[in-house]
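[1] Attaching a predicted model along with its sequence, questions to come.
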Amino acid sequence: GAVVSQHPSRVICKSGTSVKIECRSLDFQATTMFWYRQFPKQSLMLMATSNEGSKATYEQGVEKDKFLINHASLTLSTLTVTSAHPEDSSFYICSARDPGGASDTQYFGPGTRLTVL
Amino acid sequence: GDSVTQMEGPVTLSEEAFLTINCTYTATGYPSLFWYVQYPGEGLQLLLKATKADDKGSNKGFEATYRKETTSFHLEKGSVQVSDSAVYFCALSEEGSGNTPLVFGKGTRLSVIA
């Protein structure tokens, strides 16, 4: 099936710093990617929808100035956690649909575990 | 809005036991239904899916049937293995286009002991 990668897989940073997470579709072009957040032992919560060439659409309660999303190409979306704090520590997962595949199937990246000290 | 409800875990089974993880959904239209699996330390992988009523999705010995009359999509496996230990998420996609995000249940952690 289609492959979505994320980088880095793990990151530890100090409070107040910014962290960039990359999500790449390796063998297909994705006009839309989704960013989810997963707290320990909980489900995935949608943060935002990333649209290539336009502004991301954020879910209610997600601060767009804190979680900056850029989808500059059809194979790359980035999530930047600005001025990270310990409460931002979480597992961040992206997903994308392969236009050449089944119309309703999304492929997920392996996730990025962020720990803010 | 749309929602997915899964049975709460954790579920602990002995190897070769029968597995059922219940999932029910609420949706306004005719969603596609999915089961995703998350192994320890990894991201989500699609396990199986069904796109319309009475469809049965199956993969790796797991099965789930799309029951519109009961709005359910229960996951079953006849004989679980230790390697099946993971967290299982039921999910739906309302429009079925793939361009709408998935709505997930809270996940059910399965532990299989030898």
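    Cool, got the structure. Numbering: from 1, shown residues only, chains lettered A, B, ... in the order given.
[2] near chain A, which residues of chain B?
    Proximity of chain B to chain A, by C-beta under 8 Å from any C-beta of the partner chain, involves residues B:32, B:34, B:36, B:42-46, B:49, B:51, B:89, B:93, B:96-99, B:101-102, B:104-107, B:109. Any C-beta I mention is one placed from the backbone N, CA and C, and that applies to glycine too.
[3] remind me which residues of the chain are low pLDDT?
    No chain specified, so I'll use chain A. A:1, A:100-104 (pLDDT under 70).
[4] sorry, should have said chain B
    For chain B (pLDDT under 70), the answer is B:95-99.
[5] quick one: the strands in it?
    Applying DSSP state E to chain B gives strands spanning B:3-6, B:11-14, B:19-21, B:23-26, B:32-38, B:44-50, B:56-59, B:62-65, B:75-77, B:86-93, B:103-104, B:108-113.
[6] Return the set of buried residues in the last one.
    If you call a residue buried by 16 or more other C-beta atoms under 10 Å in any protein chain shown, then strand B:108-113 has these buried ones: B:T108, B:L110, B:V112.
[7] Would you mind measuring from the second one to B:P10?
    Taken as C-beta to C-beta, to the nearest Å, the spacing of B:L110 relative to B:P10 amounts to 7 Å.
[8] Need the residue closest to the centroid of chain B.
    Nearest to the mean C-alpha position of chain B, by C-alpha atoms, centre = their mean, lies B:W35 at 3.2 Å.
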